[in-house]
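J.: from the sequence below, what's the structure:
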Amino acid sequence: MMNYVWAVLALTGIFFAIAAGLGGDVPGALLRAAMEAVSLAIRLAGGFAFWSGLVAIVEDSGFAGFLARVLAKPLSHLFPGVPMDNEAGQAISMNLTANMLGLGNAATPMGLRAMKLLGRDASNGIATDAMCMFLVLNASSVQLLPTTVIALRTAAGSVSPASILLPTLLATGVSTAIGIAACIFLARRARHA
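T.: Next comes the predicted model:
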């Protein structure tokens, strides 16, 4: 579906460029944009490789289990009925930790695994309360250290790439709190309906 959306957006842009008499600039702009995208991807690849490798080492070393035990108490309030000492709890802990560190790409495989494990309890294809809470936590994701955004700002030549730390922490903290409250409210409402 997204392929169609992007195709429509690109064709609309080309149509308006031609209508505005800028049709001759389109091929050059397309090439410049493609070169800039490749250049940005190369600059970010090292950071992504480093963090993805670090997450794999953390997982293989058993630190994931330790992290799950440390986060078990707070997460048990958000995920009642989900044992935090099993594979699902470890995947949830690792995913949320990676997201808090701004490592969305490294967090994705663990998030998919956690959702799959949480989905074993789903019946008739209906998401469980734990699945909904996990989705909300991933969508809002408190950012203690937004490393990906800082890397993007650095690659773009920002003078102060880390100046977003406090605003990002405040915005994601508020969005996460509102998301958790909405999840709890809707889950209780559904139980009483």
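J.: skip the chain neighbours and tell me the closest residue to the residue nearest to the spatial centre of the chain.
T.: Central residue of the chain (CA atoms, centre = their mean): Gly104, 4.2 Å from the mean position. Leaving aside its chain neighbours, Gly104 sits nearest to Thr148 (6.1 Å; criterion: CB to CB, 6 or more residues apart in numbering). (Each C-beta comes from the backbone N, C-alpha and C, glycine too.)
J.: Leu67 too?
T.: Leaving aside its chain neighbours, Leu67 sits nearest to Ser93 (4.8 Å; criterion: CB to CB, 6+ apart).
J.: for the one you found, helix, strand, or coil?
T.: Under DSSP: H, G, I helix; E, B strand; the rest coil, the three-state class of Ser93 is helix.
J.: I'd like the distance between it and Met110.
T.: Remark: distance between Ser93 and Met110 (CB to CB, to the nearest Å) = 9 Å.
J.: next: Ala10.
T.: 33 Å.
J.: what lies in contact with stretch 57-70?
T.: Defining contact as CB atoms under 8 Å, 6 or more residues apart in numbering, one finds that stretch 57-70 is touched by 84-85, 89-90, 92-94, 97, 110.
J.: which one of those has the most neighbours?
T.: Across these, neighbour numbers were computed from other CB atoms under 10 Å; Ile92 holds the maximum, 29 neighbours.
J.: what about the helices in the protein?
T.: Under the criterion DSSP state H, the chain contains helices at 2-19, 26-60, 63-78, 87-100, 104-118, 129-140, 147-155, 165-192.
J.: looking at the contacts of stretch 57-70, spot the one nearest Ala49.
T.: Met110 (16.9 Å; CB to CB).
J.: next up, the contacts around the nearest residue to Ile14 once chain neighbours are set aside.
T.: Nearest residue to Ile14 in three dimensions, chain neighbours excluded: Val26, at 5.8 Å (CB to CB, 6+ apart). Val26 makes contact with 14, 17-18, according to CB under 8 Å, 6+ apart.
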